[in-house]
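Trainee: make a model of this:
(one chain, ligands or ions: 1)
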Amino acid sequence: MKIILKISFSFCIVFSFLSCRKSHLEVDDIYYYNIIPDTTITSVSSYYPFSGIPNPNDSTASIQIDLDNDGINDITLSVSHYYQWQSASNPLSNYFYQSGLNMINSIDSIATLNYYDTQFGVNLTVLNFLHINDAINSNLRYHTSATIKSIVFWGPSYNGPYGDSYVGFKIKRNGNYHYGWILISRSGSNLTIKEFALNRTPNRKILAGQTQ
Ligand SMILES: [Ca+2]
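Mentor: Predicted structure coming up:
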């Protein structure tokens, strides 16, 4: 009986040591930034009554974010609309919309999905709209840019979901990947940026919404 107790105790000590060592080595060092107040960008101030034509007629709004707090911006989020003559009989269809994200550095990337437009047989690289606690790691597909909304005349179009969503991203620093998320919200023509976080521990996943 004594021997069994001794073995169990020794096992506990070894096991505790390994657990402690493991958690110490793999601790997530999360850089979390809460944007106060939330920042909203829009290319449309208002719509003319009855016609629904956006005002101003052609404009772009964008914001850049420094994701790793090194003083250099890493990502651009933008919304824009523009007029392109197609038809005099239906001027409303002449106003087109684009909204998306672009990584400034080509070694960084955004979690995306492939959207296949069956009408035109064209693939679009669109944002992977993630939910809270979704894992952001090497299992996702990444691209340097992602479409949120693309409305064009007689061509492949896409419009992602409204409300809150998480953007997954990965940035490459010193040969290692760092995963992170940005909380955005879509409402009408508005794109709002609320929070973001980055796992400073290299090559470790982060969960959407994880702050520590
Ligand atoms: Ca940066």
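Trainee: up against the ion, what does this protein have?
Mentor: Neighbours of the ion within the chain, by Cβ under 5 Å from the ion: 66, 68, 70, 72, 74. All C-beta atoms are positioned from the backbone trio N, CA, C, and that covers glycine.
Trainee: tell me the SS of Gln93?
Mentor: Quick fix: residue 93 reads Ser, not Gln. Following DSSP: H, G, I helix; E, B strand; the rest coil, Ser93 is assigned to helix.
Trainee: low pLDDT regions in this structure?
Mentor: Applying pLDDT under 70 to the chain flags residues 1-25.
Trainee: who's in contact with the most centrally placed residue in it?
Mentor: Among the residues of the chain, the one closest to the centroid is Val167, at 1.9 Å (Cα atoms, centre = their mean). Shown in contact with Val167 (Cβ atoms under 8 Å, 6 or more residues apart in numbering): 101, 110-111, 127, 130, 146, 181-184.
Trainee: show me which of those residues is closest to the ion.
Mentor: Set against the ion, the nearest of the contacts of Val167 by Cβ to the ion is Ile182 (13.1 Å).
Trainee: what pairs with the helix or strand hosting that closest one, and is each one parallel or antiparallel?
Mentor: Using DSSP states H and E, Ile182 sits within strand 176-187. In the sheet, strand 176-187 lines up against strand 163-173 (antiparallel), strand 190-199 (antiparallel) (DSSP bridges).
Trainee: buried ones in stretch 58-70?
Mentor: 61, 63, 65, 67-68 (16 or more other Cβ atoms under 10 Å).
Trainee: would CSV of those with secondary structure and distance to Ile171 be doable?
Mentor: Converted to CSV, the buried residues of stretch 58-70 look like this (DSSP: H, G, I helix; E, B strand; the rest coil; distance: Cβ to Cβ, whole Å):
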residue, secondary structure, distance to Ile171
Ala61, strand, 24
Ile63, strand, 17
Ile65, strand, 11
Leu67, coil, 6
Asp68, coil, 6
